[in-house]
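Student: just to be clear, the model below is a prediction. Sequence and coordinates:
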Amino acid sequence: MASALDERPTARLGRHPFEPWEGAGQWILYHDRFDQAGVSAQYACGPGLPPTLGAVTVDGLTGPQVEFEGIRLIGMPVQAVDTLLIQHLEQSGQGVTFGCGGDPGPTGLPIMYEPPEPVTPW
């Protein structure tokens, strides 16, 4: 059995550069989906720049279970995670950062969580 690190993407999303402002070039990768591991990878990239991992999204049904400081982040109601996370951050003296969608996360750590979206097949 291959490990999640050996899994090839099930699906990839990207685009070719648009002419004339970007010029001709390599396909620009934005997103890989790994169904067996239950995760997706989102990349930051641009013309002439290689894809750089920007985020990993865990599938709440098929992905690994994820915890932060003993707080279960997968399979929990969003309100419960909000309450537990903010309570932990207040008790530990860490600050709270809010993402563009209002999603809370600890200051200084690259952790943000989002409520699940409806499943849409590719």
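Tutor: Nice, thanks for sending it over. Residues are numbered from 1 along each chain as shown.
Student: ok, and for the longest strand belonging to the chain, which residues are buried?
Tutor: The longest strand of the chain (DSSP state E) is strand 49-58. Across strand 49-58, burial judged by 16 or more other Cβ atoms under 10 Å covers Pro51, Thr57, Val58. Backbone N, C-alpha and C define where each C-beta goes, glycine included.
Student: CA atoms only: put that strand into PDB for me.
Tutor: This file holds the C-alpha atoms of strand 49-58, laid out as PDB (Å, rounded to 0.1, in the frame of the first residue of the first chain):
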ATOM      1  CA  LEU A  49       7.100  30.900 -10.900                       C
ATOM      2  CA  PRO A  50       6.800  27.300  -9.700                       C
ATOM      3  CA  PRO A  51       3.700  26.300  -7.700                       C
ATOM      4  CA  THR A  52       4.200  26.800  -3.900                       C
ATOM      5  CA  LEU A  53       2.100  25.000  -1.400                       C
ATOM      6  CA  GLY A  54      -0.300  27.600   0.100                       C
ATOM      7  CA  ALA A  55      -2.800  25.400   2.000                       C
ATOM      8  CA  VAL A  56      -3.900  21.900   2.600                       C
ATOM      9  CA  THR A  57      -7.600  21.200   3.000                       C
ATOM     10  CA  VAL A  58      -8.700  18.000   4.900                       C
END
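Student: average pLDDT for it?
Tutor: What strand 49-58 shows for mean pLDDT is 81.
Student: then stretch 28-45?
Tutor: The model assigns stretch 28-45 a mean pLDDT of 86.
Student: what residues sit buried inside that stretch?
Tutor: Neighbour counts using 16+ other Cβ under 10 Å place 28-29, 31-34, 37-41, 43, 45 of stretch 28-45 among the buried residues.
Student: among those, which two are most distant?
Tutor: Spatial extent of these (Cβ to Cβ) is set by the pair Ile28 and Gly38 at 25.2 Å.
Student: what about the strands in this protein?
Tutor: Using DSSP E, strands in the chain cover 11-15, 28-34, 39-46, 49-58, 67-68, 71-72, 96-98, 104-106.
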